[in-house]
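Engineer: Okay, here's the prediction I keep looking at, along with the sequence it came from:
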Amino acid sequence: MRLASLMLASLLWMPLTAATTAAAADNVTTFALDNGMEVVVIEDHRAPVVVHMVWYRAGAADEDPGKSGIAHFLEHLLFKATDDMEAGVFSKVVAANGGRDNAFTSYDYTAYFQRVAADRLELMMRMESDRMRDLRLTEDDIETERNVVLEERNQRTENDPGSLFGEQRMAAQYQNHPYGIPVIGWKHEVAQLGLDDALAYYQRFYAPNNAVLVVAGDVYPDEVKRLAETYYGVLEPTKDLTARARPTEPPHRAERRLVFEDPRVAQPYVIRTYLAPERDSGAQEKAAALTLLSELLGGNPATSFLGQQLQFDSQDAVYTGAFYSGLSLDDTTFGVVMVPTPGISLSEAEAKLDAAIAQFLEAGIDEEQLARIKAQLRASEIYGRDSVQSLARTYGAGLTSGLTVADIQAWPDVLAAVTSDDILQAAWALFSDRKVAVTGYLRSPTSPEAASQVSQ
Amino acid sequence: MIRSFITTFVAFLMTAHTAFAAVEIQEVTSKSGIKAWLVEEHSIPFVALEIRFKGGASLDAEGKRGAINLMTALLEEGSGDMDAQAFAQARDALAADFSFDVNDDSLQISARFLTDTQDEAIALLRQAILKPLFEQSAIDRVKSQVQSIIASDLKDPNSIASETFARLAYGQHPYASNINGTQQSVAALTQADLFEAKDRTMALDRLYVGASGDITPDALAFLLDDLLLGLPESGAPMPAQVTQSLQAGVTVVPFETPQSVALFGHNGLSQDDPDFFAAFILNTILGGSGFEARLMKEVREERGLTYGIGSYLVPKDYAAMYLGQVSSANDRIAEAVEVTKQVWADTARNGVSEDELSRAQTYLTGAYPLRFDGNGPIANIMVGMQMQGLPIDYIPTRNDKVEAVTLEDVNRVAAELLRADDLHFVVVGQPMGLQSTN
């Protein structure tokens, strides 16, 4: 059953393969343009198709205080006019050439991409390079598009109690770092964003020396280089680009617990996240151990420890899981979740979850299960070659999250080298300090537990 | 600058049809007569296999709603001499992926396995398909997951909208109710119901197979018998055609949430209708996913009333609908509905322009080869083609069919198909200025 995807889509739960689509390095060529723009070319000549992506090292966590949502708002505005193109022309041209285009904003990056027939690459570069420096925004654009963004927030967040709960948990998790602020922005701040805010962010971050170009598909590095020099190479770099230094977390001195109640909640659950290290350039070992820990502890319910204990042996849970993504510029989180079966309260569920984690730490690592996970990791490199687009995303996201090409290519080997001792050590370090953790209950105000607390 | 830019863009347009993926499909027949379509692709050592049984969850027996959905979910929860955990371990050790899914019209099995361990993977998949156990403990466990999904759907505005719309549109047909069943119908299902549900659905007389990847036609022919022989020859009779019961109007479902979700539609066109291509192009212009589609332009780009609006031809096997969806804040949804109706009516009355038609044609013909990006998608497309009854040499002819549609065709179909006064809107939320009709 795909219960996880239905209920917990906001939890960053990802299949194992997504973490490891690293390239067979022989298909990958990298170089830099004179103005500092990094370029990655991934060759796949099976079909005459190309993916063209530009990734900026700027995301929601790089916003100024009080301007939450501006990174994402600007991403919408990039489809408006430039000095050479009228508003809406970008997507129109891509579509008229049979292509698909889109963009996405995260904490650490903003990315724009098109998928087209390989002979359209030059056109895509011409248009994408144009909007890197020459956007022409009007007050009208701002007004209408801000309403669109507010409706996007309504659709993704306000209409979904699970998303609202997630925002509250992140705000409690990060006491100083901007990961505590939602990517789409707080509603009251988004409502106030204006033209000047958009331009300030744009002028500061949208520059060739702050961008990564990824071109993947039926292309050759020499040709890509020639085109990239023609279109991107002529753009002025930003001279005083500062290093990305966000406010950092102070020591966490108190465990945080929260209860989120909403009448729209049909299925209560308990979830806990711990502050955890991310993949660092040249030092990915801890993150690799945590990646394997999340699989062993709470990957596939039929084979993971939490699943076996709580869904199979005791049937106390409808769903259990552990989740971790090491791809992050700054400290990330490791999470565990339990959706209890009816009749089990959230505090009982939390106790059972903690007991299962304690048992995991005592029992040690199941070597056979670890071997199976590693077999899947090896296979994911074969399967990954079938999707040049996901390979392109791996490079773009990695390079804008503080990693180098060498780090990205080393990742499968770093994962393969992780031992049971490494994993157990990572688990002990993670679970021993509740002060870095946020525990959340999501439930309806009419649930028996909520009612009993009111009457106490 | 704009002028020179547009010139280049036109030059590019002229070569739009040249980039075409070379996909060569072969038909393979096993010794016992099972047919499959194959695209050989030996450069990566794995195979993607797509298996479909036509009929799907609409074949639930009277009073057993949810049985086929529950049965499908249980195929990986114990078979042969393995329980769910042993099965998952064996599959993971082979690094194979199997997924089992079902919808209104078909039951789908998708598999991906390495060439190296193909025989073991197929033996394991055969066990799930032919020898599921449906043990009581597994039934109870998966039932509680399904019950959780049913409960969540009852409080989700999008699910409430689809369920309400389906009830209004499909009358007594199985399409009118959710394939998950209800809390009551699922609670009552027994092991015997699940074995019966399997025999109703998974039979050789409704089987379609597509394969793509590192496998030869001979090897695939053997594989088909190894994997599927032993299934019943025939299953339950297919459902009847839907008798349309949807009336024009508005149905408001009150639900406390800041943004209203609207689902709207009227009758559509079946896929074998001679006008389907004209309607398909018309829909790209009216409600396609790009910003330049009319609904997107008027409702989102011009007025900022929504994050997304789209319309879709939904040619199900036993009913053809034309549907759309839009979400707006409670105080703006009435305007979104009004603008949608105006665009619908205006397109019916005045048609589309020559320019819109040619841009849509270029988009559709250019986008078509992009679909064939990987073994999984190719296997999927081939199985879909077979179920639609398309010829094996269809792919290279498809874009010609799109190009052959004229402005007269599209505008004639627009006038016939788009009936703003027949649209029914289901609105879930607390919409201001909208009331249920009738």
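Structural biologist: Structure received. This one's a predicted model, so the numbers in the text were calculated from it and none came from an experiment.
Engineer: so the closest residue in space to B:Ala236 that isn't next to it in sequence is in which element?
Structural biologist: Residue nearest to B:Ala236 in three dimensions, not counting chain neighbours: B:Arg200, with 3.8 Å by CB to CB, 6 or more residues apart in numbering or on different chains. Bear in mind the C-beta positions are built from the backbone N, C-alpha and C, glycine included. In the assignment (DSSP states H and E), B:Arg200 maps to helix B:191-201.
Engineer: In that helix, which residues are buried?
Structural biologist: By 16 or more other CB atoms under 10 Å in any protein chain shown, the buried positions in helix B:191-201 come out as B:Asp193, B:Leu194, B:Glu196, B:Ala197, B:Lys198, B:Arg200, B:Thr201.
Engineer: Repeat that for stretch A:419-430.
Structural biologist: So for stretch A:419-430, counting by 16+ other CB under 10 Å, buried means A:Asp422, A:Ile423, A:Leu424, A:Ala426, A:Ala427, A:Leu430.
Engineer: Just the closest of the buried residues of helix B:191-201 to chain A, please.
Structural biologist: Nearest to chain A among the buried residues of helix B:191-201: B:Leu194, at 14.5 Å, using CB to the nearest CB.
Engineer: Now A:Asn300: closest residue in space, sequence neighbours ignored.
Structural biologist: Spatial nearest neighbour of A:Asn300, excluding adjacent residues (CB to CB, 6+ apart): B:Ala88 at 6.0 Å.
Engineer: again, but for B:Glu24
Structural biologist: Using CB to CB, 6+ apart and skipping residues adjacent in sequence, the residue nearest B:Glu24 is B:Val39, 6.6 Å away.
Engineer: show me what contacts the one you found?
Structural biologist: Neighbouring residues of B:Val39 by CB atoms under 8 Å, 6 or more residues apart in numbering or on different chains: B:Val23, B:Glu24, B:Ile25, B:Gln26, B:Ala211, B:Ser212, B:Gly213, B:Asn375, B:Ile378, B:Ala379, B:Met382.
Engineer: host element of it?
Structural biologist: Going by DSSP H and E, B:Val39 is part of strand B:35-40.
Engineer: Could you spell out the sheet neighbours of that strand, each with its direction?
Structural biologist: Counting by DSSP bridges, the strands paired with strand B:35-40 are strand B:26-29 (antiparallel), strand B:207-213 (parallel).
Engineer: quick one: contacts of the longest one?
Structural biologist: Outside of strand B:207-213, the residues within contact range by CB under 8 Å, 6+ apart are B:28, B:34-41, B:44, B:46-54, B:115, B:220, B:224, B:228, B:231, B:375-376, B:378-383, B:386-387.
Engineer: now swap in the shortest one and tell me
Structural biologist: Strand B:26-29 is touched from outside by B:Lys35, B:Ala36, B:Trp37, B:Leu38, B:Val39, B:Glu40, B:Ala211, B:Pro217, B:Leu220, B:Ala221, B:Leu224, B:Ile392, with contacts defined as CB under 8 Å, 6+ apart.
Engineer: what about B:Asp218, how many residues close to it?
Structural biologist: 9 (other CB atoms under 10 Å in any protein chain shown).
Engineer: Secondary structure element holding it?
Structural biologist: Using DSSP H and E, B:Asp218 maps to helix B:217-228.
Engineer: Run through the neighbouring helices and strands of that helix.
Structural biologist: Helix B:217-228 is packed against strand B:26-29, strand B:35-40, helix B:118-130, strand B:207-213, with contacts defined by 3 or more CB pairs under 8 Å, 6 or more residues apart in numbering or on different chains; DSSP states H and E.
Engineer: Among those, show me which one is buried the most.
Structural biologist: Of the helices and strands packed on helix B:217-228, the one with the most neighbours on average (mean count of other CB atoms under 10 Å in any protein chain shown) is strand B:207-213, at a mean of 25.
Engineer: Mind checking the pLDDT average for that strand?
Structural biologist: The average of the pLDDT scores along strand B:207-213 is 98.
Engineer: List the residues that contact residue 260.
Structural biologist: Going with chain A. Contacts for A:Phe260 (CB under 8 Å, 6+ apart) come out as A:Pro161, A:Leu164, A:Phe165, A:Gln168, A:Gly440, A:Tyr441, A:Leu442, A:Arg443.
Engineer: that's the wrong chain, I wanted chain B
Structural biologist: If you count contacts by CB under 8 Å, 6+ apart, B:Ser260 has them with B:Pro157, B:Ser327, B:Ser328, B:Ala329, B:Asn330, B:Ile333, B:Val427, B:Val428, B:Gly429, B:Gln430, B:Pro431.
Engineer: and the third one, that one's in a helix?
Structural biologist: No - membership of B:Ser328 in a helix is not supported by DSSP: H, G, I helix; E, B strand; the rest coil, which gives strand.
Engineer: Hmm, B:Leu305 and it touching each other?
Structural biologist: Yes - counting by CB atoms under 8 Å, B:Ser328 does reach B:Leu305; the two are 5.1 Å apart.
Engineer: Name the residues contacting each of those two.
Structural biologist: With contacts taken as CB under 8 Å, 6+ apart, B:Ser328 and B:Leu305 have A:Glu151, B:Glu335, B:Ala336 as neighbours in common.
Engineer: Who wins on neighbours among these?
Structural biologist: Comparing the shared contacts of B:Ser328 and B:Leu305 by number of neighbours (other CB under 10 Å), B:Ala336 comes first, having 26 neighbours.
Engineer: tell me the helices in the stretch 151-300 of chain B, going along the chain?
Structural biologist: Assigned by DSSP state H, counting those that start in this stretch, the helices in the stretch 151-300 of chain B fall at B:157-170, B:183-188, B:191-201, B:217-228, B:276-287, B:294-295.
Engineer: what does the second one rub up against?
Structural biologist: Contacts with helix B:183-188, where a contact means CB under 8 Å, 6+ apart, come from B:Gly63, B:Lys64, B:Arg65, B:Gly66, B:Leu70, B:Lys143, B:Val146, B:Gln147, B:Ile150, B:Ala151, B:Asn180.
Engineer: do you know how far B:Glu298 is from chain A?
Structural biologist: 12 Å (CB to the nearest CB, to the nearest Å).
Engineer: so that residue touches B:Glu338, yeah?
Structural biologist: No - proximity of B:Glu298 to B:Glu338 does not meet the contact threshold set by CB under 8 Å, at 10.7 Å.
Engineer: And those two? Which one has more around it.
Structural biologist: Legend: neighbour count by other CB under 10 Å for B:Glu298 and B:Glu338, higher for B:Glu298 (18 against 14).
Engineer: how deep is the residue in chain B that chain A sits nearest to tucked in, by neighbour count?
Structural biologist: When scored by CB to the nearest CB, chain B has B:Gly366 as its residue closest to chain A, at 1.2 Å. Burial of B:Gly366, expressed as a neighbour count using other CB under 10 Å, amounts to 28.
Engineer: and the stretch 201-350 of chain B, which residues reach chain A?
Structural biologist: Within the stretch 201-350 of chain B, the positions near chain A by CB under 8 Å from any CB of the partner chain are B:256-259, B:261, B:290-292, B:297, B:300-308, B:327-329, B:332.
Engineer: List buried residues within those residues.
Structural biologist: For these, burial is judged from neighbour counts taken by 16+ other CB under 10 Å, and it is met by B:257-259, B:261, B:290-292, B:297, B:300-301, B:303-308, B:327-329, B:332.
Engineer: Quick one: distance of stretch B:290-304 to the chain centre.
Structural biologist: Its chain's average C-alpha position is 25 Å from that of stretch B:290-304, according to CA atoms, centre = their mean, to the nearest Å.
Engineer: And the strands in the chain?
Structural biologist: Assuming you mean chain A. Assigned by DSSP state E, chain A shows strands spanning A:28-32, A:38-43, A:49-56, A:100-105, A:110-117, A:211-217, A:256-261, A:269-276, A:317-324, A:332-340, A:437-443.
Engineer: Chain B is the one I meant
Structural biologist: Using DSSP E, the strands assigned to chain B run over residues B:26-29, B:35-40, B:46-54, B:78-79, B:82-83, B:97-102, B:106-114, B:207-213, B:249-254, B:259-267, B:309-316, B:319-329, B:424-429.
Engineer: my guess is B:Glu256 contacts A:Pro263, does it?
Structural biologist: Yes - applying CB under 8 Å as the test, B:Glu256 and A:Pro263 come out as touching, 6.6 Å apart.
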